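>>> need coordinates for the below:
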Amino acid sequence: MYPAPGAVERIAPDWDWVWLDGQHGQIGYGEMLALVRACDLANRPAFVRVPWHEPGPIGLALDMGAAGVIVPCVDTPEEARAIVAAARFPPVGKRSYGGRRLIDFKGRDYSNTANEGTILVLQIETPLGIENAGEIAAVPGVDALFLGPDDIILRRGFKMATPRTKDVLGKDMEAVIGACRKHGKFGVMVGIGAEMFKLSLQMGFHMIVAGGDVLFLANSSKQASAAARAMIKEMLLSGT
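Numbers count the residues shown, from 1 in each chain. Model (predicted):
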């Protein structure tokens, strides 16, 4: 979420892949490029979430050298096909050729293997998207479906503070991973916390978000602050 390449360099080796949030994160173009480079340095694949479905941001993220793009709020197979067209070179799609960084590092033939070498992840985040998950997963050129728990919770009428549990998200998770199984696609899920991580594993999701820079900063800061204050209080009370 934060434009901090140094943080990515430090923590990316702990994980299998890195989600860089260009939709809700505080990240501009130059910062995103630096984050992708930091992932490369850490030898971890970078997945850039673009703001929406427009071809420009999708192509730009791939031109940066991202291993894949995550596209939010995909509700219909028609939307999925338009996104595939933006993310894939001809004859599969209409992606524009000429990524400066890719040419510099891979040569002008980078487009020969780009369609097979990058991963397109579509987020399912609404009841309509859940209803159409099978048809979306069936679209050629789509590699993975990613259930977006926050948006689906809101659209199901829950408050954001509602705990993420099987009772709340289980049916939507099963719809997404079931569509992935049927059509040979990857399933992606946010599994932060022991209960959701275990549930995501048990259901068969292939890529699971288990943490993030915001939580790492906030939780470690709170723990360190609380420990320091407790020690100060103990010393004051004991008079030492």
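>>> which stretch of helix or strand covers residue 123?
Using DSSP states H and E, residue 123 sits within strand 119-124.
>>> now do that strand, average pLDDT.
Strand 119-124 shows a mean pLDDT of 99.
>>> packing partners for whichever helix or strand comes after it?
Under the assignment DSSP H and E, the closest C-terminal helix or strand after strand 119-124 is helix 127-131. Helices and strands touching helix 127-131, by 3 or more CB pairs under 8 Å, 6 or more residues apart in numbering; DSSP states H and E, are helix 149-155, helix 166-183. Backbone N, C-alpha and C define where each C-beta goes, glycine included.
>>> reformat those as TSV; add mean neighbour count and mean pLDDT.
Listed next are those as TSV, based on neighbours: other CB atoms under 10 Å; pLDDT from 0 to 100:
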stretch	mean neighbour count	mean pLDDT
helix 149-155	18	98
helix 166-183	18	98
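>>> so which of the ones you listed is nearest residue 83?
Residue 83 sits nearest to helix 166-183 of all those, at 15.9 Å, using CB to CB.
>>> angle of the helix or strand that the closest one is followed by against helix 166-183?
Per DSSP H and E, the first helix or strand lying C-terminal to helix 166-183 is strand 186-190. Using axes from the mean of the first three to the mean of the last three CA atoms, to 10 degrees, the inter-axis angle of strand 186-190 relative to helix 166-183 is 160 degrees.
>>> residues in contact with strand 186-190?
By CB atoms under 8 Å, 6 or more residues apart in numbering, the residues outside strand 186-190 that reach it are 70, 119, 121, 143-149, 164, 173, 176-177, 180-181, 196, 200, 203-209.
>>> and if we set it to 6 Å?
121, 144, 146-147, 149, 177, 180, 200, 205-209 (CB atoms under 6 Å, 6 or more residues apart in numbering).
>>> what about the closest residue to residue 1 other than its chain neighbours, which SS state?
Distances taken as CB to CB, 6 or more residues apart in numbering place residue 25 nearest to residue 1, at 4.0 Å, with adjacent residues excluded. Assigned with DSSP: H, G, I helix; E, B strand; the rest coil, residue 25 falls in the coil class.
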